[in-house]
Structures are given as C-alpha cells and as structure tokens.
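Colleague: Kindly generate the corresponding structure for this input.
(chains A and B)
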There are 2 protein chains.
Amino acid sequence: PLVVYGLLGTSRTLAVGPVAIVSLMVAATLGDIAEAGGQDYAAYALVLALMSGAMLLALGLLRLGFIVNFLSHPVISGFTSAAAIIIALSQLKHLLGLSLPRSHSVTDTIANVADHLHETNLITLALGVAAIAVLFASRAPLGRLLTAMKIPQPLITPATKAGPLLVVALALVAVAAGDLAGAFGVSVVGDIPRGLPSFTMPRLGELPWSDLARGAALISLVGFLESVSVAKSLAARRRQKIDANQELIALGASNVSAAFTGGYPVTGGFSRSMVNFTAGATSGMASLITAALVALTLLVLTPLFHDLPRAILAAIIVVAVVSLIDAKGFARTWRYSRMDGSAQAATFLAVLALGVEIGILIGVALSLTLHLWRTSRPHIAVVGRVGTTEHFRNVLRHDVSTDPHILAVRIDESLYFANASYLQEQVMALVADHSEAQHLVLICSAVNEIDASALDSLEILRADLTTSGVTLHLAEIKGPVMDRLTGTAFLAHIAPGRIFLSTHDAIDTLQRA
Amino acid sequence: PLVVYGLLGTSRTLAVGPVAIVSLMVAATLGDIAEAGGQDYAAYALVLALMSGAMLLALGLLRLGFIVNFLSHPVISGFTSAAAIIIALSQLKHLLGLSLPRSHSVTDTIANVADHLHETNLITLALGVAAIAVLFASRAPLGRLLTAMKIPQPLITPATKAGPLLVVALALVAVAAGDLAGAFGVSVVGDIPRGLPSFTMPRLGELPWSDLARGAALISLVGFLESVSVAKSLAARRRQKIDANQELIALGASNVSAAFTGGYPVTGGFSRSMVNFTAGATSGMASLITAALVALTLLVLTPLFHDLPRAILAAIIVVAVVSLIDAKGFARTWRYSRMDGSAQAATFLAVLALGVEIGILIGVALSLTLHLWRTSRPHIAVVGRVGTTEHFRNVLRHDVSTDPHILAVRIDESLYFANASYLQEQVMALVADHSEAQHLVLICSAVNEIDASALDSLEILRADLTTSGVTLHLAEIKGPVMDRLTGTAFLAHIAPGRIFLSTHDAIDTLQRA
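Modeller: Residues are numbered from 1 along each chain as shown, chains lettered A, B, ... in the order given. Sure thing, here's the model as predicted:
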C-alpha cells in the first residue's frame, strides 16, 4: 500500500497504513461475522480491504471527490487539534511505563492512567522525558545554535531532522548498557516477526456479502475523510494542493494492494504522516523510501529494535503531534468570525468528547448549518448615488444623494428558498418606511441565483408592491440569472416596471420620466 | 384542540386533529410500553400529547420556527402532490366497498386492492362515482351555468360550495329508500358514540419517561413539519403568510389542550385542511365553527350519520385532494430550473415510495445539497467597460473595452469553504490565459461574505499572484465584509495592491499609473 500510494497519491507527506480508527472499525465488522483469530477472520479482512478499495476507486472514477470541499478550514483545524490531543494522550501509558488496555475515549484514557498512576515505572518515565527534551532541543534551538556557530545551512537542515534517529540510538545503548529491560522493567518493543509479507489472494465466493459491504462502505468513507483531512491540513501548511479525486483513486489502489499482500483496510494516518511531515518529506518518494526501509527492517534489522523502549516511540509521536495543537489559529479564527470560531470549537470539543467520526460529522453539519442560517437572513441596503459618479452605495455608510420617489435597494445574497420569504418581508417593511416612494429598484449585483421558490416570492412581492402603488424595477441582473428569467411569468408581468442594465441607468431614466 | 388552534394559529385554513402519520407514531410509541386498549395505553397517550405540546411551545418561545424556511417551494409541491395521491389511494377501498386492513405503503395499498378487486360492491362503487361526479359538477361547471343564467354572484358562491352537503343528504335518502346497507351490503359509518368528551387529567409521576420523551420529540417534529407544509402550501395559493413561531405556539397549545380533553397528539391534517380550504375557509373562525358543529353533531346529530355510506366520505376526500396534484407547476419548475425540478421530482417519488417522513427529509436534504453544490462552483466573469460609462460587464456577453495589463474579474458568489479552493484554481487559470496582465482586480460586488477558509485561500492566492508578477487589488467590497477584513493579516499584506471603492475607480487609477 505504501508503494502504491507513493506512486499515485497527490499528498507529498501522507503516510498510508493501518490506522487506529479504521482498525477499530475492521474489528467491529469482523467481530460480528467471524471468530477473532480464526481462519475466516483473516480471510474476511482481505475481502474487506478489496471491497473498500473498489469502492474508493469507483468514487474517484465518478469524480465524487468534491465532497471534501465541505470540510472547512476551521473544522479541519478543530479536528486536527483534538486528534493531536487524543494521540498524545494515548501515548501517555507508554511514557509512564503502564500496561493498560486500549481505551475507547479520552475520559477512559485519563481515568485508566489516573487509576494506575502509582504503578509508574520511573526509569521509563525518565527515558521518555529525556527523549522529549532531546527531540525538542534538536529542532529550532539546535538550528539556531548551529546558525550562530556559522555552520552552513545544507548541514543544519539534516542535523535538525535527525533527532528521532539520535534518541533511538541513544536509547538502545542505554537499555543495553544498564540492562533497563531486565533489571528495571522498562517495557520494550520485543520480538518482531521477520521477513516480507507473502502474496495473498482474497477468498471470493460464499461470503457474508451484505455485512462486509456495509462495513466496507463505512470504512471507505471514514478512512477517506480522515486521510484527506490529514492531507489537506498538512498541504495547507506548505501551500500545496490535494486533488481529491486522485486521492480516492490512490487510496482505492492502496487498499486493493493491501488485499493482495496480507493486509486489512489502510488509510492515511495522522501520527505517521506527521512524523513524515516534520522529518521533511517533500514528495511521494518519502513513501517509497519508507517502504524500502520497512522491507529492509523486516528482513534484517528487526533484532536491532528488540530492546527499543516503547517510551521512546511514544516520545517521538508526542513531539510530532503537539505542534499541531493550533491555539493561535484558534484565536485568529475567533477574532475574524464568531461563526467560524464556534464551528472550530464545536468540532474540537466533539472530536474529544465523542470520537473522530462523530466529531467530524458534527463539525461539517454545523458549518453547513451556520452558512445556511447566515444566507437565510441576507444583508439588505438602501443605496444612493456617491457624489456625481455612477456608483451607488449604502445610505447608512456613505455620503450619498437619493430621490424620495425612488427607493433603490441592494440585496446582498442569492435569492433561494431559505431567504425567499425574508426578502418579501424586508422589502415591504422598507416600502412602508418610505411612504413617498413610487418606484422600487431592486439591485441584483449580488444576486447570483434566483431559484424557483424565490421566483414565486418575487411574483408575490411584485403584486404586493403594485397594490401599494409602487412599481418594481430590476437592475444589474447578471447574465446567467437573466437567461433563466427570460420567458417566465414573472418577467411577462413586470411592466410597467423595467429591467435596467445599471443602477445609474435606472435612477437616471426614472428621474427623467 | 380545534378551538385553541382557531384562536392562536396563523393559518386561515389549517384544520387540526388526529392525523394518519401521527396516529401511527403514537401507536408505535405506546405499543412498546403498554398493552393496546389497556388503562395505561390511554393514560400514556394523554401524557404524550402533553409532552409534545410542551416541546412545541418551547420551540416556539425560543423562536426556532425559522427551520421551516429550509422547506423550498418545489419540495413542498412535490410533497403535496405525492401526499394527495397517497390519500386518494387510501380511499380507494371505501369507494370499492372493500374491507381491507390499514396499509403502510402505496404498493401495499395497490396490492391489497388488486387482490380483492373481485369483491367490489357495485352499488357502493356506483354511489361513490355518482358522488364524485356531483362534487365535480357542483364546482366550476355549476358556477358557469349559474353565471350564464344571470343568477347574482352572492348566491353562486354558496351554491358551488354546497356540493358535499348535497351528496351527503342525497346519499342518506338513497340508503334509507333502497335499504342499501341491509339488502346490498353498502358499508356505512355505523354507530358513533354520543356526547361531548369529558375533561381528563394526564397522569404524571411513575412513568416510562425516556420512551415517552423520545416518542414525543419525533411526533412534535414530524407533526410540525407536516402541519407547516400543509399550512404554507395552502397559504401560498392565496398569497397569505404563516408565522412559524406562532404556529409552534398554537400547535403546542392545541396539544396541551388535547391532553386535558381526552385526546392524543394532534397536528394540522392534510385532507381535513384541504376540505376546509376548498369549502372556502378564510380565517380561524372556520376552526371555531367546525368545533361547534362537531360538538352539535356529537350531542344531537350522530344518529343521522349512522347510514352515511363510507364511499360518500371517500368521494368528498378524493375530490378535495386531486386538485392538489400540481402537474402544471411541476412542468413550470422543471422548465425554469433543472435543479429545482429534480428536487421536486425526488421529493414526490420519495414520499410515494418511502412515506411522508422520510420523503420530506430526503427532499430537504437534496435541495440543500444542490444549493451548496451550485455555490461551490461559482460563476466567474472577466469584465470590461461598457462604452464610456462607469459600468463594467462580462466580456463574453457585452461589447466592452478592456486593458491587456489589467484583468478585472467578478466573482459571482460569497466566498466560503465550499468554493475557497475552486476560486484559487479558477483565478490562477485566468491569469495563465492573460499573460500580459500585471494587475488583477477582484470585483467583490457579489461577495456577501468571506469566511475564515476563504480568507486563507485569498492569502494563498495573493502570494501565488505575487510569485507570478501580478498584483492583487480588490474593488466594491461591501461594508459588512470590509468591517470583517479590517485588521486581518490578509489586508496587512495586500500592498502594493489596493482596495478601490468602485471598479471604475480601480481601472481608472491603474491605467493612469
């Protein structure tokens, strides 16, 4: 999967593999239809990978990747910060040397750790804290030091990226020298099976198809959303781009390849991509190199890692993810827009409290709802002429001249079902406030669409205005909107009202009349 | 409930009472927690009415009625047409004189009727068909006939509304004269318990609260949506308005009153409102009169209706609802907009195939999705000066003059997360097509909002343009959007780009420079 993604994917930093959420979903799907550890269990996992892959490929070929555009930046940022905290907390037990079961929520994790805090292995904790300190020091501070020492830049960059290698090497030496695993109970990685995975053939034929398909559909969707959230968030930091359709194809192909190499469904993972990103990955080549090194490790190096303390791996992950907790961006978004800020905060809290899947769905639903709510109550401005120009602006914000018989009203939104009745009410209220008005010019420079519901409302508005002795005119209708209106009953009934090209034109003509 | 709604409601034609969908939902909720017909069953029904009422009142007082704005006209129309067909089909068994169980779907209804078609009671069918013919004839044709006979209009209107009364009277005479019920097996209404409902006190205290609350929440929501869809659809035909918050309060109070008068949850019903509407109801007074007549009927007239054939009631309902199948409106919507037409067709089919609740939810979801999809790919126009005016329009649609060094681009949409990356791509593509351009003026006359995601995209766009040797300027930013942008990093970094009040101003200044 790593090689396939490296060749086909558009993210330069995404690392593909078995990730926590998808693993849980695979276990949940298989648990219902096979006995854990049995022969069917593994066979069904292969089929699940194949089906997920096929579904993702199909979505990509149908070019349905646009759905990811509905992930707003605040939602992604809230998701990222919360996921970083979840990942960092999940490593806490390794840093403390506790052996706890996998937990299913943040509160679970914290409660478990708190209950067993007295069992903390102090040597493990010291190793972990030292590793974290070295890792932080080896980044910006080391860079500044080397720069101050006038070391050339081409040497500084690799030096500041070498932190993880350094702590791994130091830790292996420390464990061997002090017999930390044996005498002090420091938990180490232990035996890793040696050798490359063999080619596998997913078993087809008599299968619990509907259970597998339901599982595969959910796994594909959540896996894709997680993968693209991670890829987009990392790409945004370097101003790079992700092509969602190509991502679907790349992830689909990766999953198909997983099915043939003894794997289960894979997706772009958060912590592994972050390690990749901070280590300086700049192209799919990073995935190929990772795959080659994993192969080399499996073939030759596994014994080397036997004594690596788990706390060291945990330290590497924690340092990688804490930089993602974006408190500054949070404050900036909140200052810019309360709505975006709320969506971000809600996503952050929902991911922490309810988990990644539900959290991101809540974030997406909330940002869409807020957007729709805002467009359902559009800004409406009465405008007047700026000096002697042909430019018209809001009477409340600019020094403009108006004609008491002509009410020029600019609607700052496309007209569609959610604001159709609001428009009617607001315009009639404005007419009630301007008793001398004989003409109402509706300026449509900001109206990018008039849907069928709004068209009905405009017809009612025209009739209501006629009853009040006011003629409705339209100005600055855009080409695509005008194309649509041509031939409708609304336009047929608008006379004596007229359609003007510009507001200037409208006011000028009506004043002369 | 009828009296309470008549006093508090804003619809002039909505008739409140126990309706089919809500009745099914009440039965489903109570079936889980009590034995049908038992004492708890009736007691829980009262509590359910009280809870639904309290929930609706709370929503109304919190002014959350705006959610109904998300019901677009095409969705309401598709829903109405499909519901009319469902109701007409549900009366088919009464018209044919078949005694069939209540069915739960359209296909169910059709299959049941087809299976028992050979059992049709021909006398019943003849009565029903005759009633339908009289009902149709008593409307427009009778009106035309009376007008041709120079009968004064104040006499014509009541005459054309009296059709239902006439057929009921004729049918009662026919049944009595021909002993149709006894000798020919025509199904009649039968015994109706006599007397007014007594005052009831909902039992509080030890109750299955959570089951009741879940049921009440669903019943309130579906009941409110159905009620307001019906009320809006009838109000739209007469250019009247519905205040959703007041509707919530009126329906809430009606339900509370149901709890104290031996009722179960009520809502605005479709067929009863339609009968009310076609009979010419013009105010809440119609509800009060209905309530008074129901009371009178219960006290005195019940024996009169003993022999009324069910087929006559069915005929009245069928004639009332078929006028709601809006084929013309369907064609008009489809011609105006494929998107609105698809939403309408999908709602229609979904309501028919999957039922009222799911159908309307699918319609709402689809119309929102289509709206979002459309705004995610905004119309973008390169504009030029119209003649020597200060007005700028699309170069592809108007005869305009442009400057090769200045690219003026109008974005026809608010900038938000769903179109943020689309904007970037499209503008960069335009710049690539105009190799001589040194300035890009982004005309924001149609930009009613720039959210945090779009702000990020604009920053990236500005940087990308700078790299390509193009300076980004903004023109015609609206007041509320400019307020928001003030103080952001984007505005701080825009120099040497500038913010112009009008497009004319921008082109003029840049050409002189």
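Colleague: Which elements pack onto the helix or strand bottoming out on mean pLDDT in chain A?
Modeller: When each helix and strand of chain A is scored by mean pLDDT, DSSP states H and E, helix A:20-33 comes last, with a mean of 75. Applying 3 or more C-beta pairs under 8 Å, 6 or more residues apart in numbering or on different chains; DSSP states H and E, one finds that helix A:20-33 contacts helix A:39-61, helix A:209-237. Every residue, glycine included, has its C-beta placed from N, CA and C.
Colleague: mean pLDDT lowest for which of these?
Modeller: If you rank these by mean pLDDT, helix A:209-237 sits at the bottom with a mean of 81.
Colleague: Go through that one and flag the buried ones.
Modeller: For helix A:209-237, the neighbour count (16 or more other C-beta atoms under 10 Å in any protein chain shown) marks A:211-213, A:215-216, A:218-236 as buried.
Colleague: try stretch A:7-19
Modeller: Buried, per 16+ other C-beta under 10 Å, within stretch A:7-19: A:8, A:9, A:10, A:11, A:12, A:13, A:14, A:15, A:16, A:17, A:18, A:19.
Colleague: Take these and keep only those in strands.
Modeller: A:15, A:16, A:17 (DSSP state E).
Colleague: Let me have the buried residues of stretch A:7-19 in TSV, extended by distance to chain B and pLDDT.
Modeller: Output for the buried residues of stretch A:7-19, formatted as TSV (distance: C-beta to the nearest C-beta, whole Å; pLDDT from 0 to 100):
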residue	distance to chain B	pLDDT
A:8	21	92
A:9	18	91
A:10	13	89
A:11	14	88
A:12	16	87
A:13	17	89
A:14	17	91
A:15	23	91
A:16	23	92
A:17	27	90
A:18	29	87
A:19	25	82
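Colleague: Next, the contact list for the residue found closest to residue A:371 once you drop the neighbours it is linked to in the chain, please.
Modeller: Excluding the flanking residues, the one nearest residue A:371 by C-beta to C-beta, 6 or more residues apart in numbering or on different chains is residue B:416, at 5.8 Å. By C-beta atoms under 8 Å, 6 or more residues apart in numbering or on different chains, residue B:416 lies in contact with A:72, A:371, B:375, B:449, B:450, B:451, B:453, B:454.
Colleague: ends of stretch A:275-292, how far apart?
Modeller: 17 Å (C-alpha to C-alpha, to the nearest Å).
Colleague: which residues make contact with it from outside it?
Modeller: Residues outside stretch A:275-292 that contact it (C-beta under 8 Å, 6+ apart) are A:2-3, A:5-7, A:9, A:12-16, A:157, A:161, A:164, A:234, A:237, A:316-317, A:320, A:323.
Colleague: ok, which stretches of the stretch 351-500 of chain A are helices?
Modeller: A:356-375, A:420-433, A:452-467, A:479-485, A:489-492 (DSSP state H, counting those that start in this stretch).
Colleague: For chain B, what is the nearest residue in the stretch 201-350 of chain A?
Modeller: residue A:340 (3.9 Å; C-beta to the nearest C-beta).
Colleague: Which helix or strand contains that residue?
Modeller: According to DSSP states H and E, residue A:340 maps onto helix A:338-354.
Colleague: which outside residues touch that helix?
Modeller: With C-beta under 8 Å, 6+ apart as the criterion, helix A:338-354 contacts A:72, A:74-75, A:77-79, A:81-83, A:85-86, A:105-106, A:330, A:333-335, A:358-360, A:362-363, A:366-367, A:370, A:374, B:451-453.
Colleague: what about burial for those residues, which qualify?
Modeller: A:72, A:74-75, A:77-79, A:81-83, A:85-86, A:106, A:330, A:333-334, A:359-360, A:362-363, A:366-367, A:370, A:374, B:451-453.
Colleague: what bits of chain A have low per-residue confidence?
Modeller: A:20-21, A:24, A:102-104, A:236-237, A:239, A:357 (pLDDT under 70).
Colleague: Kindly recompute the last result at 50.
Modeller: Regions of chain A meeting the criterion pLDDT under 50 are absent.
Colleague: what bridges to residue A:406?
Modeller: residue A:403, residue A:439 (DSSP bridges).
Colleague: what about it, neighbour count?
Modeller: As a burial measure, residue A:406 scores 20 neighbours (other C-beta atoms under 10 Å in any protein chain shown).
Colleague: thinking again about what came up before, go through the helices and strands packed on helix A:20-33 and name the closest to residue B:422.
Modeller: Distance to residue B:422, taken as C-beta to C-beta, is lowest for helix A:209-237 among those, at 14.2 Å.
Colleague: Now do the buried residues in the helix or strand just after that closest one.
Modeller: Downstream of helix A:209-237, the first helix or strand assigned by DSSP H and E is helix A:244-260. Going by neighbour count (16+ other C-beta under 10 Å), the buried part of helix A:244-260 is A:244-245, A:247-260.
Colleague: packing partners for helix A:244-260?
Modeller: If contacts are counted by 3+ C-beta pairs under 8 Å, 6+ apart, helix A:244-260 sits against helix A:2-8, helix A:39-61, helix A:209-237.
Colleague: correct me, but residue A:394 touches residue A:383?
Modeller: Yes. Assessed by C-beta atoms under 8 Å, residue A:394 is found in contact with residue A:383 at 5.8 Å.
Colleague: Please enumerate the shared neighbours of the two.
Modeller: Residues touching both residue A:394 and residue A:383 by C-beta under 8 Å, 6+ apart: A:400, A:410.
Colleague: what about these two, which has more around it?
Modeller: Each of residue A:394 and residue A:383 has its neighbours counted (other C-beta under 10 Å); residue A:383 has more, 24 against 18.
Colleague: Taking the stretch 1-150 of chain A, what residue is nearest to chain B?
Modeller: Counting by C-beta to the nearest C-beta, the stretch 1-150 of chain A gets nearest chain B through residue A:72, at 3.3 Å.
Colleague: Next, count neighbours for the spatially closest residue to that residue that is not a sequence neighbour.
Modeller: Using C-beta to C-beta, 6+ apart and skipping residues adjacent in sequence, the residue nearest residue A:72 is residue B:417, 3.3 Å away. As a burial measure, residue B:417 scores 27 neighbours (other C-beta under 10 Å).
Colleague: Quick check on the residue nearest to residue A:371: phi, psi?
Modeller: Phi and psi for residue B:416, reported as degrees, to the nearest 10, are phi -150, psi 180.
Colleague: Now do it against residue B:494, distance only.
Modeller: Per C-beta to C-beta, to the nearest Å, residue B:416 is found 20 Å from residue B:494.
Colleague: Contact partners for residue A:9?
Modeller: Contact partners of residue A:9, counting by C-beta under 8 Å, 6+ apart, are A:16, A:231, A:246, A:247, A:250, A:251, A:284, A:287.
Colleague: Give me the distance from the helix holding residue A:340 to the chain's centre.
Modeller: With C-alpha atoms, centre = their mean, to the nearest Å as the basis, helix A:338-354 stands 13 Å off its chain's centre.
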